[in-house]
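J.: Test case, fold it:
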Amino acid sequence: MLEVVAALIWQDDRFLICQRPENKSRPLLWEFPGGKVEPGETKEEAILRECREELDCDLTLGEVFYDVVHAYPERSIHLTLFHCFLRNKLPRALEHHDLRWVQEADLKDFPFCPADQEIIDAKRGKFIRP
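T.: Below you'll find the model as predicted:
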């Protein structure tokens, strides 16, 4: 089981979604930003590191919004999505194809990675900034 973390990054009443690069698995699908938890790293440390590396931004970490286990053909993942808040500058797409600030109603317009879609389906109507 691969431990993966993601950030539900809030700006006012919108949150950030990211489009995966063309050269990675699940190309051009949308996701909540994040990545793998490295050995010896906590989930909290991992999400802060991933957002610095991929989005060039620092976050204040909030509570867990939701977590899900999802079986992809190549491996199973345990994905934990945290509420997060920007501490400084706006994110930049250093690795992603595109970034968008959206509200929950907009999510239907984007094709998401299956694990992220599972969260969206489970938490429908509950994407509310804490």
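J.: longest strand of the protein?
T.: Ranked by residue count under DSSP state E, the longest strand found in the chain is strand 59-71.
J.: Can you list the buried residues in the helix or strand following it?
T.: As assigned by DSSP states H and E, the chain's next helix or strand after strand 59-71 is strand 76-86. For strand 76-86, a neighbour-count test (16 or more other Cβ atoms under 10 Å) marks Ile77, His78, Leu79, Thr80, Leu81, Phe82, His83, Cys84, Leu86 as buried. Every residue, glycine included, has its C-beta placed from N, CA and C.
J.: hang on, the fifth one packs against Leu61?
T.: Just to be clear, that refers to Leu81. No: applying Cβ atoms under 8 Å, one finds Leu81 not in contact with Leu61, separated by 11.8 Å.
J.: still on that earlier bit, so which residues make contact with the longest strand of the chain?
T.: With Cβ atoms under 8 Å, 6 or more residues apart in numbering as the test, strand 59-71 has contacts from 1, 7-9, 44, 47-48, 51, 76-87, 114-115, 118-119, 122-123, 130.
J.: Can you list the buried residues in it?
T.: Those would be Leu59, Leu61, Gly62, Phe65, Tyr66, Val68, His70, for strand 59-71 by 16+ other Cβ under 10 Å.
J.: tell me which residues form a beta bridge with the last one?
T.: Residues in a beta bridge with His70, per DSSP bridges, are Ile77.
J.: Closest to Leu99 out of the buried residues of strand 59-71?
T.: Among the buried residues of strand 59-71, Leu59 lies closest to Leu99 (Cβ to Cβ), at 14.6 Å.
J.: Tell me which residues touch the residue nearest to Phe110 when sequence neighbours are not counted, please.
T.: Distance criterion Cβ to Cβ, 6 or more residues apart in numbering; nearest residue to Phe110, sequence neighbours excluded, is Trp30 at 4.3 Å. For Trp30, the contact set (Cβ under 8 Å, 6+ apart) comprises Ile17, Cys18, Gln19, Arg20, Arg100, Phe110, Pro111, Phe112, Cys113, Asp116.
J.: mind redoing it with 7 Å?
T.: Contacts here follow Cβ atoms under 7 Å, 6 or more residues apart in numbering; on that basis Trp30 touches Ile17, Cys18, Gln19, Phe110, Pro111, Phe112.
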